[in-house]
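Sharing a sequence plus its predicted fold:
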Amino acid sequence: MVLFSKFSTFISSSYLKLLCIAIIFLLLSPIISIIFSSFENTFSLWEHLFQTRLKFYLYNTFILMLGVGFTTFFIGVSLAWLICKYDFFMRNVIEWALLLPLALPSYIVAYCYTDFFEYSGFLQTNIRELFNFNSPNDYFFPEIRSLGGAIFVISFVLYPYIYLITKVAFKSTPSSLFELAELNGKNQFYYVALPLAKPAIIASLSLVLMETVSDFGTVDFFAVETITLGIFNLWLGMNNLAGASQLALIGFFFIMILLAFELSARKKQKFNDTKIRGYNGLNQKISIHHNIFIFFICIIPIIFGFIIPVLILLENSISYFDIQNLHNLILITKNSFFISFVATVIIILTTILLTIGLKFQGFKGLSFLSTIAGIGYAFPGVILALGSLFFISSLETSMNALLLFLDINQNLVLIGSFYILIFTYVCRFNAVAFGAINSGINRLPPNMVEASLTLGNSFWYSLKKVLFPIIKPSILTAAILTFVDIVKELPITLLLRPLNFETLATYVYQFASDEMLGRASAAALIIVLIGLIPILFINNIMSKKTI
């Protein structure tokens with residue numbers, strides 16, 4: 001092609017292709033390392049696990065997935081239908097406010113509700129005063145630090161995934177189908193909305209279950225022995241990395257099944273989206289009694305998922321405020337922003353390189369490899385941290401052997417440094433940036449870059465003047481989403497951070513683990529405020545698209 005002659009020497013060359021493949025290999029290296037490291041013989045350990053903890057790991061993980069899956073499905077689908085179907089008091093405000101729980105990491109909500117529901121907490125203290133109870137034997141109150149408590153907390157944090165995606169699916173359905181169902185005396189929800197939204201519901205439910213399997217902070221604080229916590233205990237408690245990697249393969253199996261469901265559902269959803277158009281809204285008028293009832297139903301998840309935890313954090317932040325705590329807070333906030341900014345910049349740069357290679361150099365295999373590289377986001381942070389430790393440890397040993405061979409008196413230290421921490425962030429959160437930037441590039445008409453090249457401009461000049469201005473919003477969105485996710489990340493930071501290096505997430509974890517939530521509330525509140533940024537972006541997009 002003459003149009004591509006200007007950049008064929010670079011973009012079609014093997015250099016960019018090899019560089020992209022090298023990046024993808026590095027992104028996959030933690031998972032590959034987990035697989036290879038699991039080959040070590042640990043028969044005696046597994047015999048011990050079979051006799052003791054393994055059944056609890058599997059049972060608790062399964063029940064947690066089942067409980068969270070059912071609860072989030074019921075809450076998310078119900079709310080999506082109420083928002084799409086009825087016109088009630090403050091509907092427009094509630095529609096975006098239902099996304100607010102996404103701003104809170106589940107481990108922070110777990111800390112807040114433990115403080116609220118425990119024996120010495122606000123609720124039980126007032127119950128005892130109101131009914132003159134003197135001891136816990138005088139009344140029954142469910143234990144928040146339990147499997148049921150974990151289901152409660154995680155469900156009220158993750159239901160917005162199902163709510164948002166299902167709402168879009170409901171609004172993609174033309175009202176003529178609802179009218180047809182009504183004329184035939186059929187229930188609109190069961191015969192029209194639910195069947196057509198099934199692919200979207202399955203996809204969103206798969207995302208919820210992947211997040212549930214990945215959860216560390218909540219199950220650790222509530223002492224619920226899941227596979228993720230079992231990996232952590234084998235690694236740090238028993239110092240058995242091979243056993244931890246083998247247990248990680250079970251988690252790997254769970255995740256791959258969920259990924260298969262999610263990808264299958266997305267393909268079906270694309271099919272439905274191309275067939276269904278022309279939604280003009282239902283917004284059915286209802287009586288004042290139904291109006292009040294639906295309003296209160298819709299605000300319950302907002303109250304439990306956002307308002308109560310935030311009020312607890314605000315009250316504790318004010319009560320425990322002091323100058324020393326403020327000084328520590330400023331320091332750890334700087335640490336969080338520094339490490340998140342550096343990792344985000346690297347992620348954005350590598351993602352831009354991958355998407356450019358995927359779009360312009362025509363290597364078909366790169367599309368498949370880049371998709372595979374994105375699965376790191378689906379894996380628990382504990383598993384990726386373990387895989388990174390194996391890979392970086394091997395790399396460090398090999399590099400030091402090479403330096404010794406070259407007679408260079410210098411030891412390379414990667415374990416326990418910022419390098420391994422940032423590397424693992426890149427492996428986990430690359431998929432977030434890739435999705436946003438790749439979608440932006442795919443919206444670019446291919447002839448725009450060609451037109452710039454025919455005018456005699458170089459390839460990189462064409463990218464700078466044509467491509468980057470158009471995809472700048474996508475890059476900004478990717479950077480914000482990635483930055484916020486890294487700030488909220490707990491297990492990777494906790495396991496791989498340098499000595500005496502604290503971030504907002506680890507600072508909150510340390511104090512909450514010592515039953516000192518008050519000291520950590522201000523830091524937790526900062527995480528929540530940062531987490532609100534993508535919610536505002538989503539709301540802005542929803543307002544523009546009126547979805």
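Alright, I've got the coordinates. Numbering: from 1, shown residues only.

Return the distance of the helix or strand where Leu313 lies from the chain's centre.
When elements are assigned from DSSP states H and E, Leu313 belongs to helix 308-319. Computed by C-alpha atoms, centre = their mean, to the nearest Å, the chain-centroid distance of helix 308-319 equals 24 Å.

Check stretch 218-233 too.
With C-alpha atoms, centre = their mean, you get 18 Å for stretch 218-233.

now for the helix holding Leu313, which elements pack on it?
Applying 3 or more C-beta pairs under 8 Å, 6 or more residues apart in numbering; DSSP states H and E, one finds that helix 308-319 contacts helix 106-117, helix 517-545. Using the backbone N, CA and C atoms, a C-beta is placed for each residue, glycine as well.

highest average neighbour count across the ones you listed?
Mean neighbours per residue, mean count of other C-beta atoms under 10 Å, is largest over the helices and strands packed on helix 308-319 for helix 106-117, with a mean of 24.

Which residue ranges of the protein form strands?
Secondary structure of the chain (DSSP state E): strands located at 86-87, 284-285.

most packed of these?
Ranked by mean neighbour count, these are led by strand 86-87 with a mean of 16 (mean count of other C-beta under 10 Å).

same for that one, what does it pack against?
Judged by 3+ C-beta pairs under 8 Å, 6+ apart, the packing partners of strand 86-87 are strand 284-285.

The strand it packs on pairs with which strands, and in what direction?
strand 86-87 (parallel) (DSSP bridges).

For the partner strand, give the mean pLDDT please.
Strand 86-87 shows an average pLDDT of 86 in the prediction.

mind checking how far that strand is from the chain centre?
Between the centre of strand 86-87 and the centre of its chain there are 31 Å (C-alpha atoms, centre = their mean).

Out of the helices and strands packed on helix 308-319, the one nearest Leu66 is which?
Smallest distance to Leu66 across the helices and strands packed on helix 308-319 (C-beta to C-beta): 17.0 Å, for helix 106-117.

Mind listing residues that contact the closest one?
101, 121-124, 141, 144-145, 149-150, 152-154, 156-158, 215-218, 220-222, 305, 308-309, 312-313, 316, 490, 508-509, 512, 517, 520, 524, 527-528 (C-beta atoms under 8 Å, 6 or more residues apart in numbering).

picking up where we left off before, any chance of the strands of the chain in a markdown table, plus distance to Pro498?
Converted to a markdown table, these look like this (distance: least, C-beta to C-beta, whole Å):
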| stretch | distance to Pro498 |
| --- | --- |
| strand 86-87 | 53 |
| strand 284-285 | 57 |
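
for these, which one sits closest to Leu326?
Nearest to Leu326 among the strands of the chain is strand 86-87 (46.5 Å), distances taken as C-beta to C-beta.

Roughly how far does Ser172 sit from Ile202?
Note on Ser172: its distance to Ile202, by C-beta to C-beta, to the nearest Å, is 15 Å.

before we move on, back to that, just the buried residues of the contacts of helix 106-117.
Neighbour-count burial (16 or more other C-beta atoms under 10 Å) is assigned, among the contacts of helix 106-117, to 101, 124, 144-145, 149-150, 152-154, 156-158, 215-218, 220-222, 305, 308-309, 312-313, 316, 490, 508-509, 512, 517, 520, 524, 527-528.

most distant residue from the middle of the protein?
Distance from the C-alpha centroid of the chain, by C-alpha atoms, centre = their mean, peaks at Asp407 (45.2 Å).

Can you show me the helices along the stretch 151-300 of the chain?
175-183, 188, 194-214, 217-221, 227-232, 241-275, 288-302 (DSSP state H, counting those that start in this stretch).

need these in CSV with distance to Arg53 and mean pLDDT, can you?
Formatted as CSV, these follow (distance: least, C-beta to C-beta, whole Å; pLDDT from 0 to 100):
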stretch, distance to Arg53, mean pLDDT
helix 175-183, 51, 75
helix 188, 48, 80
helix 194-214, 17, 86
helix 217-221, 14, 92
helix 227-232, 7, 88
helix 241-275, 10, 70
helix 288-302, 34, 91
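
With distance to Cys20 as new columns, can those be given to me in TSV?
Shown next, in TSV, are those (distance: least, C-beta to C-beta, whole Å):
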stretch	distance to Cys20
helix 175-183	44
helix 188	48
helix 194-214	26
helix 217-221	34
helix 227-232	31
helix 241-275	22
helix 288-302	42
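
so of these, which one's packed in deepest?
Among those, the stretch with the highest mean neighbour count (mean count of other C-beta under 10 Å) is helix 227-232, at a mean of 26.

Could you name the helices and strands sitting against it?
Counting contacts by 3+ C-beta pairs under 8 Å, 6+ apart, helix 227-232 packs against helix 54-85, helix 194-214, helix 217-221, helix 241-275, helix 381-405, helix 491-496.

Of all those, which one is nearest Thr228?
With respect to Thr228, and counting by C-beta to C-beta, the nearest of the helices and strands packed on helix 227-232 is helix 381-405 at 5.3 Å.

can you list contacts of the closest one?
Identification of contacts with helix 381-405 by C-beta under 8 Å, 6+ apart yields 29-34, 36-37, 214, 216, 228, 231-232, 235, 241, 244-245, 248, 251-252, 376, 410-415, 419-420, 423-424, 427-428, 489-492, 495-496.

Residues in contact with stretch 31-51: which ones?
54, 234, 238, 240-243, 245-249, 252, 375-376, 379, 383-384, 386-388, 390-391, 394.

try it again with 6 Å
Residues outside stretch 31-51 that contact it (C-beta atoms under 6 Å, 6 or more residues apart in numbering) are Ala242, Gly243, Ser245, Gln246, Ala248, Leu249, Gly387, Phe390, Phe391.
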